[in-house]
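Engineer: Here you go, sequence then predicted model.
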Amino acid sequence: MGAVQDFVRRYGGVMTAYIFAGCGIWMIGMIVLPQLLMLEKSLTYSDPAASAQVAQIQARTDGLFVQITRAERDIARLQDRLSAIEAGEADPAAGSGAATLLNPFASPSQAEDAAAATPEELRAEIETLQARIAEARAQIAANDAELADSQAAAQPQYGLYNYEELVENDLNRAIFFKTIWASVLVTFVCLVVCYPIAFYLAKAAPGEQAALLMLGLIVPYWINEILRTFAWLMLLSDGGVINDLLLWLGVVAEPIRWRDGSGAVIVGMTYAYILFMVFPIYNTIDTLDKNQIEAARDLGAPWWRIHWRVVIPHAKPGIAVGCIMTFMLAAGSYAVPLILGGTTSKWFTEVIYDAFNEGNDWGLGSAYAFTLLVTCILFILAMMRLFKVNLQDIAK
Amino acid sequence: MAEATANGQARQRPTGGVSAETLTRWTVNAYLLLFFAYMFLPLLIMVVAAFNEPGIPQAIPFEGLTFHWFEELFGNAKIWAAVVNSLIIGVGVVVLAVTFGLSGALLLTRLQTRGRTLIYGVLVSPLLTPGIILGISTLVFWNNLGVPGGLFLAVLAQATFISAYCMLLFMARLQRFDRALEEAALDLGASHQQVFWKITLPFLRPTIFTAAVLAFLQSFENFNTTVFAIGGETTLTIQLASMARLSLTPEVNALAVIFIVITVVAAVAFEIKRRAEKAEQERRIEAAKRADAEMAASLDATLGGTGESLGGRGLGPQPA
């Protein structure tokens, strides 16, 4: 409470209210509670057999209601005819049998009564139909009782069922591990490619050139990942630039199907997320005092030792951030596999999307999503330990 | 990694000879050239295809210059509906993200208790969370309250992490804020509202502008978070993704060109502004240092021997 008083003294009541309300809504209402609810959802499941049974019973009841409606309509029609006949008119339906042949959807009772009927016949007919309606109603009542039981069994309940499903589903589990593995690969390739660039820009490039090269990095950095992915689709598709080139050069006889397997997705991701590695590393190397490098060199250290003992230790927070961002973006990427992926290169994010939008199983989808979240958190913790940095360093 | 340092190293070590230096230079240049070709060639191919005649996206062979695909794009009603949605979401996100971001920055800048690290961690965590998770958790949370996916949820889901970007911008700015100004104004009898409107807000104004632009661009480009929270609606980026996926006609390339032009203009403008701010900042630090030195010198002159210790302690603003 001391903190609140401090804020009131400093900013006054209105501003303090804004500060605390703003942070409260954002932190609790938009970050913490939604995550907790997602976790809760992931632990909720309905017995699939019971759910199927509920759907089945409901379908049966619906069918009975249709039958009742149809029978009631027939009864009304029969009663019309009955009253017409009793009033001494000719049976209005007589002779309309030909018309029923043209109407295959007509109910059987209509066809039967195409010929002129006596009032007794019509009354008997009505009674049969009424008996049928009563029977259907009894059936519905029975169904309702059964439905209540099934619904109770299908009630969402807490348990690890959704997580077990991920462990037991060979296909999805394989996709999960492939996603992790491929994301680590993308991260590693980005790191190896970017470190020299970042170092050169921060320490070796002459001023003018460095400014120009920086702009050359900033522009693609700002370009949407979907566009960067689509650019690679134009390169890698069957009729794409690379295949055209290879065909023209006579290297291959027919187009190579680059998009089979996960190769294209990995290449596209490396391209889409590489700049998230450059800038954090550049920013940390930029703050390194050049004299340290000079000193190491004067003392006779070879280039690789300068990097290993001077530059890389200083750049650790940047490398950690770059790796975390790249991994997180790759593992959580939905756009790249969606656009570049073929039939055999499903990503874990696509599995999650399908669980929500095709399977309509939100519990399962939440469980998959939460698994992805935990994976990313573990990766962050691993990076923080590996590079001995803390959260303050990371979120700069 | 070799080429980058060895460049300077060869200079220092004559034993390598001139040829080694030239070799290093060539390696560095080749690496840079390769890297930037890798960065820009795919984009170039995509852009070229937007102006090419054939009915499918294709860069080579170039069969004739046309603006037909832009016309098609502008005649596409779906695109315009998506643009409107994107703009609505963007404005909503700007309002929320600046509001939340500023409140977070003010809280964290001032808060000194042990809970600060925890709050900081929670508030920046959305930046380290995959976008789809933010979309899903928002969707699940609001669905529980009976709100289905749509523009509203897209705004909330995006604001969750874009607020954190804004907060970091505000925090960086507030770090340079001289709190003595606020204290002086309060001491002189200004009300809290006056202090905020006349001192704090004017100081933050450039950052509010920057944060708003950044928030809008982030929102406009977002796909991963939006695709889960948007329900049956669509935004320009979602439209772009579905067009890119099917890539039936070069309309998608025309849309890509428009996206690129907007981003390049925004990126360059943003960068120019950032540099100007940085230069301004450095100029101020220089001026402060000069003033400090002058003051110390004049103190030295008037106080003689004792002035040294006073000047050394640095009366006046401390050089950063």
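Structural biologist: Nice, thanks for sending it over.

Engineer: for chain A, what are the nearby residues on the stretch 201-320 of chain B?
Structural biologist: Residues of the stretch 201-320 of chain B found near chain A (Cβ under 8 Å from any Cβ of the partner chain) are B:217, B:221, B:223-224, B:227-228, B:237, B:240-241, B:244-245, B:247, B:252, B:256, B:259-260, B:263-264, B:266-268, B:271. Any C-beta I mention is one placed from the backbone N, CA and C, and that applies to glycine too.

Engineer: Map the structural domains onto the sequence of the chain.
Structural biologist: Reading this off chain A. A:2-42, A:48-155, A:163-394 (automatic domain parsing).

Engineer: not quite, I wanted chain B
Structural biologist: The record's domain parsing of chain B by automatic domain parsing lists B:2-50, B:70-249.

Engineer: Out of those, indicate the one that is most buried.
Structural biologist: Highest mean neighbour count of the domains of chain B: domain B:70-249, a mean of 20 (counted as mean count of other Cβ atoms under 10 Å in any protein chain shown).

Engineer: Are we agreed that A:Ala141 is in a helix?
Structural biologist: Yes - counting by DSSP: H, G, I helix; E, B strand; the rest coil, A:Ala141 is found in a helix.

Engineer: what's near enough to touch B:Ser137?
Structural biologist: For B:Ser137, the contacting residues are A:34-35, A:37-38, A:369, by Cβ atoms under 8 Å, 6 or more residues apart in numbering or on different chains.

Engineer: and with 10 Å instead?
Structural biologist: A:30-39, A:41, A:366, A:369-370, A:373, B:126, B:129, B:157, B:160, B:228-229 (Cβ atoms under 10 Å, 6 or more residues apart in numbering or on different chains).

Engineer: Find the nearest non-adjacent residue to it, please.
Structural biologist: A:Pro34 (3.7 Å; Cβ to Cβ, 6 or more residues apart in numbering or on different chains).

Engineer: Redo the domains of chain A as a markdown table? Include mean neighbour count.
Structural biologist: Below are these laid out as a markdown table (neighbours: other Cβ atoms under 10 Å in any protein chain shown):
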| stretch | mean neighbour count |
| --- | --- |
| domain A:2-42 | 17 |
| domain A:48-155 | 14 |
| domain A:163-394 | 19 |
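
Engineer: can I get those in JSON lines with distance to B:Leu108 and mean pLDDT?
Structural biologist: Listed next are the domains of chain A as JSON lines, based on distance: least, Cβ to Cβ, whole Å; pLDDT from 0 to 100:
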{"stretch": "domain A:2-42", "distance to B:Leu108": "9", "mean pLDDT": "90"}
{"stretch": "domain A:48-155", "distance to B:Leu108": "44", "mean pLDDT": "77"}
{"stretch": "domain A:163-394", "distance to B:Leu108": "11", "mean pLDDT": "88"}
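
Engineer: Pipe those into JSON lines and attach distance to B:Met295 per row.
Structural biologist: As requested, the domains of chain A are exported to JSON lines (distance: least, Cβ to Cβ, whole Å):
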{"stretch": "domain A:2-42", "distance to B:Met295": "30"}
{"stretch": "domain A:48-155", "distance to B:Met295": "77"}
{"stretch": "domain A:163-394", "distance to B:Met295": "28"}
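
Engineer: Restrict stretch A:31-46 to CA atoms and write it as CSV.
Structural biologist: C-alpha atoms of stretch A:31-46 as CSV (Å, rounded to 0.1, in the frame of the first residue of the first chain):
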residue,chain,number,x,y,z
ILE,A,31,-2.4,-11.8,-20.1
VAL,A,32,-2.8,-13.9,-16.9
LEU,A,33,-6.5,-14.8,-17.0
PRO,A,34,-6.7,-15.8,-20.7
GLN,A,35,-3.6,-18.0,-20.2
LEU,A,36,-5.1,-19.6,-17.1
LEU,A,37,-8.4,-20.2,-18.9
MET,A,38,-6.6,-21.8,-21.8
LEU,A,39,-4.9,-24.0,-19.3
GLU,A,40,-8.2,-24.9,-17.7
LYS,A,41,-9.7,-25.6,-21.1
SER,A,42,-6.8,-27.9,-22.0
LEU,A,43,-7.6,-29.9,-18.8
THR,A,44,-11.2,-30.2,-19.7
TYR,A,45,-12.5,-33.0,-21.9
SER,A,46,-15.7,-34.8,-22.7
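
Engineer: For the stretch 51-200 of chain A, which segments count as strands?
Structural biologist: A:157-158 (DSSP state E, counting those that start in this stretch).

Engineer: As a check, name the ranges of all helices in it.
Structural biologist: Using DSSP state H, counting those that start in this stretch, the helices of the stretch 51-200 of chain A run over A:97-102, A:108-112, A:119-154, A:161-168, A:170-199.

Engineer: ok, now the stretch 201-320 of chain B?
Structural biologist: Here the stretch 201-320 of chain B has its helices, by DSSP H, counting those that start in this stretch, at B:201-221, B:224-229, B:236-246, B:251-303, B:307-313.

Engineer: Worst mean pLDDT among the domains of chain B?
Structural biologist: Ranked by mean pLDDT, the domains of chain B bottom out at domain B:2-50, with a mean of 74.

Engineer: Ramachandran coordinates for residue 233?
Structural biologist: Picked chain A for this. When read as degrees, to the nearest 10, the backbone of A:Leu233 gives phi -60, psi -40.

Engineer: Let me rephrase: I mean chain B.
Structural biologist: Dihedral pair for B:Glu233: phi -80, psi -180, per degrees, to the nearest 10.

Engineer: Would you mind stating the distance between it and chain A?
Structural biologist: Going from B:Glu233 to chain A by Cβ to the nearest Cβ, to the nearest Å gives 14 Å.

Engineer: Cross-check the contact I'm expecting between that residue and B:Ala81.
Structural biologist: Yes - counting by Cβ atoms under 10 Å, B:Glu233 touches B:Ala81, with 8.9 Å between them.

Engineer: and the helix or strand encompassing the residue nearest to B:Ser137, what does it pack onto?
Structural biologist: For A:Pro34, the element it lies in under DSSP states H and E is helix A:33-42. Here helix A:33-42 touches helix A:161-168, helix A:362-386, helix B:131-144, helix B:151-175, going by 3 or more Cβ pairs under 10 Å, 6 or more residues apart in numbering or on different chains; DSSP states H and E.

Engineer: For stretch A:368-387, what is the distance to the chain centroid?
Structural biologist: From the chain centre to the centre of stretch A:368-387 is a distance of 19 Å (Cα atoms, centre = their mean, to the nearest Å).

Engineer: Wondering if it reaches chain B at all.
Structural biologist: Yes - contact of stretch A:368-387 with chain B (Cβ under 10 Å from any Cβ of the partner chain) involves A:368-370, A:372-373, A:375-377, A:379-380.

Engineer: how about those in a markdown table, adding distance to A:Pro317?
Structural biologist: Shown next, in a markdown table, are the residues of stretch A:368-387 next to chain B (distance: Cβ to Cβ, whole Å):
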| residue | distance to A:Pro317 |
| --- | --- |
| A:Tyr368 | 31 |
| A:Ala369 | 29 |
| A:Phe370 | 28 |
| A:Leu372 | 25 |
| A:Leu373 | 23 |
| A:Thr375 | 22 |
| A:Cys376 | 18 |
| A:Ile377 | 18 |
| A:Phe379 | 16 |
| A:Ile380 | 13 |
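
Engineer: Could you find the closest non-adjacent residue to the residue in the stretch 151-300 of chain B positioned nearest to chain A?
Structural biologist: At 2.5 Å from chain A, B:His192 is the closest residue in the stretch 151-300 of chain B, using Cβ to the nearest Cβ. Leaving aside its sequence neighbours, B:His192 sits nearest to A:Gly12 (Cβ to Cβ, 6+ apart; 2.5 Å).

Engineer: quick one: stretch B:162-172 near chain A?
Structural biologist: Yes - on the criterion Cβ under 10 Å from any Cβ, stretch B:162-172 is in touch with chain A at B:163-164, B:167-168, B:171-172.

Engineer: for the residues you listed, which one is nearest A:Lys203?
Structural biologist: Using Cβ to Cβ, B:Ala172 is the member of the residues of stretch B:162-172 next to chain A that lies nearest A:Lys203, at 23.7 Å.

Engineer: wait, the closest one sits on B:Leu204?
Structural biologist: No - when contacts are counted by Cβ under 10 Å, B:Ala172 is not listed as touching B:Leu204 (11.1 Å).
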